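S.K.: Got a predicted structure here, sequence first:
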Amino acid sequence: MPIKALESMIDEIVSIKLKDQRVFRGRLTRCDVYMNLTLSDAEELEGEETRAKYGSVLIRGNNILWIQIPE
Amino acid sequence: MPIKALESMIDEIVSIKLKDQRVFRGRLTRCDVYMNLTLSDAEELEGEETRAKYGSVLIRGNNILWIQIPE
Amino acid sequence: MPIKALESMIDEIVSIKLKDQRVFRGRLTRCDVYMNLTLSDAEELEGEETRAKYGSVLIRGNNILWIQIPE
Amino acid sequence: MPIKALESMIDEIVSIKLKDQRVFRGRLTRCDVYMNLTLSDAEELEGEETRAKYGSVLIRGNNILWIQIPE
Amino acid sequence: MPIKALESMIDEIVSIKLKDQRVFRGRLTRCDVYMNLTLSDAEELEGEETRAKYGSVLIRGNNILWIQIPE
Amino acid sequence: MPIKALESMIDEIVSIKLKDQRVFRGRLTRCDVYMNLTLSDAEELEGEETRAKYGSVLIRGNNILWIQIPE
Amino acid sequence: MPIKALESMIDEIVSIKLKDQRVFRGRLTRCDVYMNLTLSDAEELEGEETRAKYGSVLIRGNNILWIQIPE
């Protein structure tokens, strides 16, 4: 299942696109079946540039468009 | 689970981004699994400036984009 | 739980921000777990000015952004 | 509970604000827990003026922002 | 209950306002508790003029704002 | 029930209006109670002109406004 | 059922239209009943041109408008 793919990425760096078109990148530290998840060392990106740094963030799953999974 | 991360932040200062792009900052006093939560000493921010002070507020979880967790 | 905080405010004056950015203020007379609630002596505010008076209103909980709780 | 307040208004004149900002006024003839409801002698208002008359209408509850309850 | 009011209208002509503000008129042939419904001889209206004729249509209930019930 | 009307249209040509106002036309090959459905020989229309051909598509039911059923 | 059609496409190249009108194309590697799915070798398209390459992505099902299924 797709959620299993997310769980297997714990401790990896992921990029997350939100419905408001913002992109977060950080280390995945927790996730659940609704795609609620926490990132450490989170930064908000604009293209490849860092727009803001947030430390740890909890993102509400229903705002997520897609998650780029490292290969 | 990500919600556990939120529960562990009770009594800490958190910043909350809402879907309408507003940011609240305050002391987390209560939360539930829907991310409904209460803040004391809540203020609405515009960048780093205080736009309004609200005392205690109850935020409905489904409006939340993300919550910045202090480290 | 956050909803308990709301229940404890019955008979108090609360301010409610809706998703369409309007603000209602009135005396909280009833509420449920979906944040459906009734206000008496309800008024709609524009900044600190009264824009309209409604008497009693029933607000559907899913429209609520946040509720300011008196301290 | 707030829904009980609605049920107690059967046969009374209520005003209903929808999410698209339109206002309906009419006699409440039926309601359920989702705030689905029927009005008789329903009219759509623009300020205090009647914009259209509809006879009986069934309004889907999830479109409702708030309902003004006569006192 | 309001849905019963809809069921009692089977075989009658109803007008349906959708969230995208379009209006359909036709003979109600089926409905369910989500307000999913089918119309025969359906037409889309612009004011009182026919904009398009569709024969039979199945309308998904969650798009419906309100249904005008013949008296 | 309205969904039964859809099931009875398997193998027929249907037109589907989505919430983003696009129209698809094709042969209905599968459907479920959420109105998730598959079309074969699907084309996207602009008025009566074909804008794009897609072969087979799976449409997520919650995007559907209405489905025109052949008579 | 339509979801079965999706499951049968595992390992095939699919194109996915999101509600924000973006199109992803890639090899389907996992899916569930909510249409949450993972793609490998995913690229975002603008017309027929590649706009960005993402490697593996997990797409949240509720953002999906439709999925083009290879024939």
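M.R.: Nice, thanks for sending it over.
S.K.: so where's chain A shaky on pLDDT?
M.R.: In the predicted model of chain A, residues A:71 satisfy pLDDT under 70.
S.K.: Residue A:3 - that's part of a helix, no?
M.R.: Yes - Residue A:3 forms part of a helix when assessed by DSSP: H, G, I helix; E, B strand; the rest coil.
S.K.: Can you give me the neighbour number for it?
M.R.: Counted by other CB atoms under 10 Å in any protein chain shown, the residues lying close to residue A:3 total 18. C-beta: built from backbone N, CA, C; applies to glycine.
S.K.: Skipping its backbone neighbours, what lies nearest the residue nearest the centre of chain A in space?
M.R.: When CA atoms, centre = their mean is applied to chain A, the residue found nearest the centroid is residue A:16 (4.0 Å). Among residues not flanking residue A:16 along the chain, residue A:24 sits closest, at 4.6 Å (CB to CB, 6 or more residues apart in numbering or on different chains).
S.K.: Need the three-state assignment for residue A:17.
M.R.: Secondary structure of residue A:17, per three-state DSSP, is strand.
S.K.: Helix or strand: which one has the residue lying closest to it once chain neighbours are set aside?
M.R.: Spatial nearest neighbour of residue A:17, excluding adjacent residues (CB to CB, 6+ apart): residue A:65 at 4.5 Å. Taking DSSP states H and E as the definition, one finds residue A:65 inside strand A:64-69.
S.K.: Run through who's touching that strand.
M.R.: Contact with strand A:64-69 is made by A:5-6, A:9, A:12, A:14-19, A:35, G:18, G:20, G:24, G:38, G:54-60, G:63, as judged by CB atoms under 8 Å, 6 or more residues apart in numbering or on different chains.
S.K.: same question, stretch A:4-13
M.R.: With CB under 8 Å, 6+ apart, stretch A:4-13 has contacts from A:25-31, A:35, A:37, A:67, A:69-70, G:29-30, G:38, G:56, G:58.
S.K.: Report the buried members of those.
M.R.: Buried positions within those, assessed by neighbour count (16 or more other CB atoms under 10 Å in any protein chain shown), are A:25-31, A:35, A:37, A:67, A:69, G:29-30, G:38, G:56, G:58.
S.K.: out of these, which one sits closest to chain B?
M.R.: Proximity of those to chain B was ranked by CB to the nearest CB; the top entry is residue A:30 with 4.7 Å.
S.K.: Might you report the residue contacts of the closest one?
M.R.: Applying CB under 8 Å, 6+ apart, we find residue A:30 in contact with A:10, A:37, A:38, B:1, B:2, B:4, B:5.
S.K.: For residue G:40, see how far away the fourth one is.
M.R.: If I follow you right, that is residue B:1. The span separating residue B:1 from residue G:40 equals 28 Å under the rule CB to CB, to the nearest Å.
S.K.: what do you get for the first one?
M.R.: Distance of residue A:10 to residue G:40, computed by CB to CB: 20 Å.
S.K.: Same drill for these two, tell me which one is more crowded.
M.R.: Neighbours per residue (other CB under 10 Å) separate residue A:10 from residue G:40, with residue G:40 holding more: 16 against 13.
S.K.: could you show me where the strands are in chain A, in order?
M.R.: Residue ranges of the strands in chain A, as given by DSSP state E, are A:13-18, A:23-31, A:37-46, A:49-59, A:64-69.
S.K.: Who does the closest residue to residue A:51 other than its chain neighbours form a beta bridge with?
M.R.: In this structure, residue A:51 finds its nearest non-sequential neighbour in residue A:44, 4.7 Å apart by CB to CB, 6+ apart. When bridges are called by DSSP bridges, residue A:44 pairs up with residue A:24, residue A:52.
S.K.: Count the neighbours of residue A:44 for me.
M.R.: As a burial measure, residue A:44 scores 18 neighbours (other CB under 10 Å).
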